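[1] curious how this folds, go ahead:
(chains A, B, C and D)
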Amino acid sequence: MAFTENLSSVDGGLKSELGKKGIVVATLNELYNWGRRSSIWPMQFGLACCAIEMIATACARYDIARFGAELFRPSPRQSDLMIVAGTVTKKMAPQVVRLYNQMAEPKYVITMGACSIAGGPFIDGYNVLRGIDRYIPIDVHLPGCPPRPEALLYGLMELQRKIDGQTIEKTEWYQKGLKREYPVPECGPHGLIPKFNPEVWAPREVDHRKERYGEPVLIGKKDKAPNLDAPVAARPAATSASSASQPSAS
Amino acid sequence: MEKIFSARDPSALNTETLEINFGPQHPSTHGVFRMNIVCDGETVVSLKPVMGYLHRNHEQIAENMSYAASMPYTDRLDYFNSMSNNFGYSLAVEKLANIEVPERAQYIRVIMAELTRLVNHVSVIGFLLNDLGAFFTPVLYAFREREKILDIFEEVSGARMMCNYFRFGGVKYEIQPHILQRIKEIVKKFPKFLEEFEALLSKNEILCMRCQNVGVLPKELAVSASITGPMLRASGVDYDIRKVDKYSIYGRFKFRIPLGEKGDVYDRYYVRILEMHESLKILDQALKDIPATGELVSKKMAPFLKSPRNFKPPVGEAYGRVEAPKGELGFYVVSDGTPQPWRYHVRAPSFINLTILEDMCLGHKIADVIVILGSVDIVLGEVDH
Amino acid sequence: MTPEEIKNKIQTALPGTALKWVRDTLLIENPQDLPKVANFLKTSEEFRFDYLSSVTGADYLQYLEAVYHLYSMEKKTGPFVLRARVGRDQARIPSLVPLYRGAEYQEREAYDTYGIIFENHPDLRRIFMWEGFEGFPMRKDYVQEDSEILEASDIEWLEKHQVQVPEGMKKRAEELKKQGRRAVAERPGQPEPQ
Amino acid sequence: MIFGSGVLRSMLITLKNFFTSYFKGPEEGGIFTVEYPETRLPEKERFRNFPFLVYDRNPENLRCVACDICAKECPPKCIYIVREFDKEGRPLKRPAVFDIDFTVCMNCGICEEACPFDAIYMDHEFEIAGPERQSRLLYHKDDLLKSNEYFHKIRPTDATAIDQQRREAEEKKKAAAEAAAKAKQPD
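    Model (predicted):
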């Protein structure tokens, strides 16, 4: 495919010339990466809305099988790729981290959709984790709410590109003493303990959202309750008197 | 040797119940649903659902933003049918602020809601059959049809799943004649697909054996447990909010309400198929009667499209409900006269339909639990809201 | 039937219940009367409200409220709305589960989010949040944690699991601990720009 | 009926679908797959993914006036705008910072609806993915700016209607200004 980067020392012209004669020249790396990149087995693991788009990607129209990734494994032990498809809540986060720990090397993670990247639209919820990258490392972030099935395929291609860049000598999983397992957070009295894993994630240095709106926008709650007991004056006007005036630019 | 002899005598055997944790990561729980099942051998003795793994604080978030800004969040409640969720929410707010909806918008709303019902039922049946062991083929067929309808949604509203199409007092975009033509084509071709889909497995012996007399829900229990939607009607209770409330313009259409006899899994499966036929009838009539022109949003609400934050309904409360594909979807909104609602509550059908999951599963084998759960038709976004 | 007639009917059938109309809904002034009234509405030939559509809590600062939407599947009428008010500290309302099974999860939800205790509920546990979660998050006075500042308990946990914690974060957690505060979410000090 | 005939029938239907899908077009329920990177589905005009900012002629001439309405209407609050000031500290009608956090944006299209200056619209671009979250997915003003021609390309109907509206509004303004000038002259 067009996007496959040629990493071997044999130059492309000679290679295609040989290819025409039926001789395939490949480095071990290429072979190794080709094999891995064409058989990424994702885990059958849906959390929320994005999971439906994930299923749609697996179905006839988008057909993820063209990328060798149609084999959705229900068990983390047999899968290479975890597609975190949907909102990760604080209650679910320990399970997600545990699933990641159970996956065999080499393992990759795609966060699909805004929710799993940073909490997305539900970022202000009291039970919503602001991004699964607080606990586990992520390979490809795929924004959208939900991303189109094509976008998921694009994310998968992005991951394939990443795999193509790896070399057999330097891959982490052949190094001694590698243990890509991360401590599983616990449910505490106010949220998860710890709030994030500083080895994996650090807060943004400048967080506009926090500066501008406060931590959650929700804290400025109202201090005056409506009085439903008061008698209704005839039929109330449907909307308030304040009309929608065109806002001025000043 | 002694051990073997004693094992052969069942009375001497020391038996224990087995506790199984089912979920939250399991391919057959339709999301992050979890059940604690106690089994005696393979028979279910007790079943406790554990939810909240997708509790996204929809109510809390909605209480802190303007009324219109909650509309895209309702899409994400039951992410199969964003249109009917929008419908329920806009009905509630329209009731609260006493807003009229123009004629053409009413028709568009009904068309969209019924298309959503088709999408939902067809995919639910696909998943149910998938759970029964017909691995993925029915889902493939179902999603093929679903994609065609999603194309319509995308063309009309701009998004495949999260349509955010309804506005208080109307709908957002105009629906062009060529799109109506395409909907007509889909409606024309759908019965043929349904026939095939039905023939695929309805008379299949394995399906019949696994579905009939499994997970029977008696009429009285269904009413007392507030079950709604196809599940209630499969138990033989004639209650469809489209007929009872005649909300929007449903009073104008002629359609029947399919009812089940026994209330088992097969009835629930079949009621859904029949409901799709009725939906097609409604669509047929709506597409014939829809006025060619007309305003999309009522005059009163048109200025608020541009500035949703200025919309302040009067102090009061309203409960709007619609017959969503999964059951009665209700929105309870209390206004305090400010742009944000004081209280916003969702009465999620699939959440309440789960109440009697244990009653239906008791005494059945553990493999039937999955089938029964599939026939309840849950979507976790709605269960945990 | 006018609201006044309905109210009179209930009061003649159940003497001693204090009722009040709030908008189009019936407020039961003593929450302990709720099962009685609901039972009457469910069983009386005239009403037959056999279907409890929705149960929800609400926080009105001075008091908590439970709202019940009743419909009749038999007569296809409704809604009839009941509400009961309780104080914030002793929020106890008798459960309607013996009458309506459908209230089971909804009451658990109201307990989870508002802390209304439903007496005689067969299984009153948190439904969405985990056991051990403190506070009732839908109440208007609930304060969320600041999810970007580590606290002393987090540091302790991380060190137990041999995770390196940057010094700055440690210092901040210690300061908080000294002050005896939690890292809670606050609005920014200065008003919104523009 | 013989036991097992139902099973056979199901299999026949699958077999029929297997073969007919080869010879029929997508409209008849046949070949349906879109081979994504090479072929693409026709883009729907109203499709919305992420917002972008429209400019006329050159990027200096952007329509946004930093009025902050979209930021306030945005449901998940993912837009941050800082107004630009000139050297004397007077506010200018343009943003100095216009950031959209794509990791929070929910593609609802409310910013587009609320904008009174026709400055922000929803894009069709969906091929956004990357390993970096904090730098890559926080889009700044320069990344968001796209020309009016691009807008015309992706959404011809809307763009033409909006151009028409803007022209009319401008003419009205001009006419009003002229009328005002005329009214002044006799004095």
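[2] list the contacts of the most centrally placed residue in chain A.
    Nearest residue to the geometric centre of chain A (Cα atoms, centre = their mean): residue A:111, 0.5 Å. Residues near residue A:111 by Cβ atoms under 8 Å, 6 or more residues apart in numbering or on different chains: A:84, A:117, A:131-133, A:138, A:140-142. Where you see a C-beta, it was placed from the backbone N, CA and C, and this is true even at glycine.
[3] let's see it at 7 Å
    A:84, A:117, A:132-133, A:138, A:141-142 (Cβ atoms under 7 Å, 6 or more residues apart in numbering or on different chains).
[4] and the residues you listed, which of them are in strands?
    When DSSP state E defines the strands, the subset of those inside them is A:84, A:141-142.
[5] which of the helices or strands spans the closest residue to residue B:372 other than its chain neighbours?
    Sequence neighbours aside, residue B:215 is the residue nearest to residue B:372 in space, at 3.8 Å (criterion: Cβ to Cβ, 6 or more residues apart in numbering or on different chains). Assigned by DSSP states H and E, residue B:215 falls within no helix or strand.
[6] now the strands for chain D?
    For chain D, the strands defined by DSSP E cover D:51-55, D:79-85, D:91-101, D:120-122, D:138-139, D:145-147.
[7] how about chain C?
    So, for chain C - with DSSP E - the strands run C:19-22, C:25-28, C:51-59, C:63-72, C:77-87, C:92-94, C:117-119.
[8] most tightly packed of those?
    Of the strands of chain C, the one with the most neighbours on average (mean count of other Cβ atoms under 10 Å in any protein chain shown) is strand C:51-59, at a mean of 26.
[9] relative to strand C:63-72, how tilted is that one?
    Between strand C:51-59 and strand C:63-72, the angle comes out at 170 degrees (axes from the mean of the first three to the mean of the last three Cα atoms, to 10 degrees).
[10] avg pLDDT for strand C:51-59?
    For strand C:51-59, the mean per-residue pLDDT is 89.
[11] what sits against residue 127?
    I'll assume chain A. A:89-91, B:55, B:57, C:129.
[12] not quite, I wanted chain C
    Residue C:127 sits next to B:51-52, C:105, C:108-109, C:112 when contact means Cβ under 7 Å, 6+ apart.
[13] name the helices or strands packed onto the longest helix along chain D?
    For chain D, the helix with the greatest residue count under DSSP state H is helix D:156-184. With contacts defined as 3 or more Cβ pairs under 7 Å, 6 or more residues apart in numbering or on different chains; DSSP states H and E, helix D:156-184 has no packing partner among the helices and strands.
[14] quick one, it and strand D:51-55 angle?
    Computed by the same axes, to 10 degrees, the angle separating helix D:156-184 from strand D:51-55 equals 40 degrees.
[15] now helix D:156-184: mean pLDDT?
    Mean predicted confidence for helix D:156-184 is 86.
[16] buried ones in it?
    D:158-159, D:162 (16 or more other Cβ atoms under 10 Å in any protein chain shown).
[17] then stretch A:78-93?
    Within stretch A:78-93, the residues scored as buried using 16+ other Cβ under 10 Å are A:79-93.
[18] narrow the residues you listed to those in strands?
    Mapping these onto strands (DSSP E) picks out A:81-85.
[19] quick check: phi and psi on residue C:18?
    Note on residue C:18: backbone dihedrals following degrees, to the nearest 10 are phi -90, psi 120.
[20] okay, now the domains of chain D?
    Listed domain ranges for chain D are D:1-40, D:51-177 (source: automatic domain parsing).
[21] out of those domains, deepest packed?
    Greatest burial across those, using mean count of other Cβ under 10 Å, falls to domain D:51-177, with a mean of 17.
[22] endpoints of that one, how far apart?
    Using Cα to Cα, to the nearest Å, one end of domain D:51-177 lies 34 Å from the other.
[23] okay, now the residue nearest to residue B:105 when sequence neighbours are not counted: neighbour count?
    Spatial nearest neighbour of residue B:105, excluding adjacent residues (Cβ to Cβ, 6+ apart): residue B:170 at 4.0 Å. Neighbours of residue B:170 under the rule other Cβ atoms under 10 Å in any protein chain shown: 26.
[24] circling back to that earlier point, mind putting the contacts of residue A:111 in TSV, distance to chain D and pLDDT included?
    Shown next, in TSV, are the contacts of residue A:111 (distance: Cβ to the nearest Cβ, whole Å; pLDDT from 0 to 100):
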residue	distance to chain D	pLDDT
A:84	13	89
A:117	4	88
A:132	11	88
A:133	6	87
A:138	7	89
A:141	5	89
A:142	5	88
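[25] among the residues you listed, who's most crowded?
    The residue in the contacts of residue A:111 with the most neighbours, by other Cβ under 10 Å, is residue A:142 (31 neighbours).
[26] show me where pLDDT drops low in the chain?
    This is for chain A. Applying pLDDT under 70 to chain A picks out residues A:1-10, A:213-221, A:232-250.
[27] look at chain D instead
    Ranges of chain D meeting pLDDT under 70: D:1, D:26-27, D:29-31, D:134, D:186-187.
[28] in the sheet, who's paired with the most centrally placed residue in it?
    The residue lying closest to the centre of chain D (Cα atoms, centre = their mean) is residue D:122, at 1.2 Å. With DSSP bridges as the criterion, residue D:122 is bridged to residue D:51.
[29] and the contacts of residue C:127, which is closest to chain D?
    Distance ranking of these against chain D, using Cβ to the nearest Cβ, places residue B:52 first at 21.8 Å.
[30] quick check, the residue nearest to the centre of chain D in contact with residue D:51.
    Yes. Between residue D:122 and residue D:51 there is a contact at 5.7 Å, judged by Cβ atoms under 7 Å.
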